[in-house]
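Asks: With the sequence up front, the predicted model follows.
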Amino acid sequence: MRWIAGLMMVFLSLLAQADAGLPVYRVAIIDRFFPPAEGFENDEERVLHGWLYGLMDLDDDERREPFYHGDVVRLIASHPQITFIQYPILDGKNPMSEILVNIQNILARYEKSPVDAMLLSWESSTLISTFSTSLKLEHVGQYKDKVKEMGQRDLVWKTTYQIILALESLTAKGIKVYTIAGNGGTGMINTFSFADKVVTVGAVESGLKYFVANNPFVDTYAQAAYEVTRVDDSEGNALGYDLNGDQCVDIPLERLTGYSNSVTEYPRKFWRLLTGSSFAAPAALKAALFANLPLKTCS
């Protein structure tokens with residue numbers, strides 16, 4: 001049973017960290033992950049699904065690697081002292097409804113399976129002008145009431161309002177919740193930001209201001225653009241790819257769809273940057289959790 005083996009690995013990792021006297025954080029991620037819970041009927045479906053939800057084709061084999069949005073979010077936040085609990089957004093389901101159900105599951109399991117933090121690199125955004133010509137933090141109650149009113153006419157906004165309340169239930173328990181500014185530009189607001197004590201993360205890069213939203217509800221900023229580059233050993237042999245610039249292998253060659261023992265040449269870097277506030281949120285959470293602790297070098 002693979003899930004039993006996975007649980008055992010997590011348990012042994014937690015024991016090792018505890019024995020070393022190091023804090024271990026449990027972080028929930030609500031997102032889309034590979035492989036999907038539904039699995040694949042055949043290889044053709046796997047390839048098509050990869051093109052729909054994969055973010056990178058690193059080896060130029062015209063198949064995207066098995067790393068979806070949530071997998072990349074997890075890799076950016078990864079650290080030996082973090083254990084991730086994945087809450088997947090299922091295929092064929094409304095994403096907002098899936099987010100709400102997953103938050104409710106986190107809350108229902110909290111007593112027996114508590115978490116320290118949660119990453120929600122998704123948005124439910126609309127125009128700032130929906131609420132005001134200029135947003136003010138002290139008027140957040142009015143903005144939430146507006147979302148509630150919108151929900152009386154539209155199911156998506158009804159679910160969004162329920163998510164805001166559910167996020168506040170998480171933060172009321174002391175769980176650190178990180179969400180994103182959103183990728184709609186300067187005129188937009190991610191309404192999840194209205195939830196009390198939720199940390200909203202924008203892009204530190206000034207060049208992304210046309211893309212990543214920035215408003216009074218953005219609490220902090222972090223790296224939102226990532227160049228995926230190849231990592232070689234001392235003899236120049238490719239080992240895998242580094243996602244966050246620390247020269248550590250985040251994606252081993254063995255995980256690539258085109259990996260083969262006979263292949264010796266791999267592209268130096270992915271042809272485009274991975275950009276968006278989705279990737280700033282995990283960076284900000286990691287920085288916050290380990291603000292007073294040294295980050296380990298590559299294992």
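Replies: That came through, no problem. Numbers count the residues shown, from 1 in each chain.
Asks: Where do the helices of the stretch 1-150 of the chain begin and end?
Replies: For the stretch 1-150 of the chain, helices defined by DSSP state H, counting those that start in this stretch occupy the ranges 2-19, 43-53, 69-77, 95-108, 140-151.
Asks: Turn those helices into JSON lines, columns for distance to residue 228.
Replies: C-betas here are computed from N, CA, C, even on glycine. JSON lines is the format used below for those (distance: least, C-beta to C-beta, whole Å):
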{"stretch": "helix 2-19", "distance to residue 228": "26"}
{"stretch": "helix 43-53", "distance to residue 228": "16"}
{"stretch": "helix 69-77", "distance to residue 228": "9"}
{"stretch": "helix 95-108", "distance to residue 228": "25"}
{"stretch": "helix 140-151", "distance to residue 228": "36"}
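Asks: out of those helices, nearest to residue 211?
Replies: Taking C-beta to C-beta, helix 69-77 is the member of the helices of the stretch 1-150 of the chain nearest to residue 211, at 16.4 Å.
Asks: Between helix 43-53 and that closest one, find me the angle.
Replies: In terms of direction (axes from the mean of the first three to the mean of the last three C-alpha atoms, to 10 degrees), helix 69-77 departs from helix 43-53 by 60 degrees.
Asks: Contacts for helix 69-77 next, please.
Replies: 27, 29-34, 53, 55, 67, 84, 86, 88-89, 119, 121, 226, 243-244, 250-251, 274, 278-279, 281-283, 285-286 (C-beta atoms under 8 Å, 6 or more residues apart in numbering).
Asks: Of all the helices of the stretch 1-150 of the chain, which one comes closest to residue 270?
Replies: helix 69-77 (11.5 Å).
Asks: List phi and psi for residue 220.
Replies: The phi and psi values for residue 220, taken as degrees, to the nearest 10, are phi -150, psi 170.
Asks: who touches it in this structure?
Replies: 199-202, 284.
Asks: Closest to residue 114 out of these?
Replies: residue 199 (18.8 Å).
Asks: Quick check: phi and psi at the closest one.
Replies: According to degrees, to the nearest 10, residue 199 has phi -90, psi 120.
Asks: Quick check: it vs residue 184, distance?
Replies: From residue 199 across to residue 184, the span is 19 Å (C-beta to C-beta, to the nearest Å).
Asks: Give me the residue at the spatial middle of the chain.
Replies: residue 73 (3.4 Å; C-alpha atoms, centre = their mean).
Asks: quick one: it from residue 156, how far?
Replies: Going from residue 73 to residue 156 by C-beta to C-beta gives 23 Å.
Asks: mind checking the SS state of residue 178?
Replies: For residue 178, the assignment made with DSSP: H, G, I helix; E, B strand; the rest coil gives strand.
Asks: So it is in contact with residue 283, correct?
Replies: No - in this structure, residue 178 is not within contact of residue 283 by C-beta atoms under 8 Å, at 9.7 Å.
Asks: Now intersect the contacts of helix 69-77 with the strands, please.
Replies: Residues of these located in strands (DSSP state E): 27, 29-31, 84, 86, 88, 119, 226, 251, 274.
Asks: of these, closest to residue 45?
Replies: Comparing these against residue 45 with C-beta to C-beta picks out residue 88 as the nearest, at 17.3 Å.
Asks: Quickly list what the closest one is bridged to.
Replies: Using DSSP bridges, the bridge partners assigned to residue 88 are residue 31.
Asks: so who does it touch?
Replies: Residue 88 neighbours (C-beta under 8 Å, 6+ apart): 31-33, 36-37, 70, 102.
Asks: Kindly provide the distance from it to residue 286.
Replies: 21 Å.
Asks: Give me the common contacts of residue 178 and residue 283.
Replies: residue 201.
Asks: if you count what's nearby, which of these two comes out ahead?
Replies: residue 178 (26 against 21; other C-beta atoms under 10 Å).
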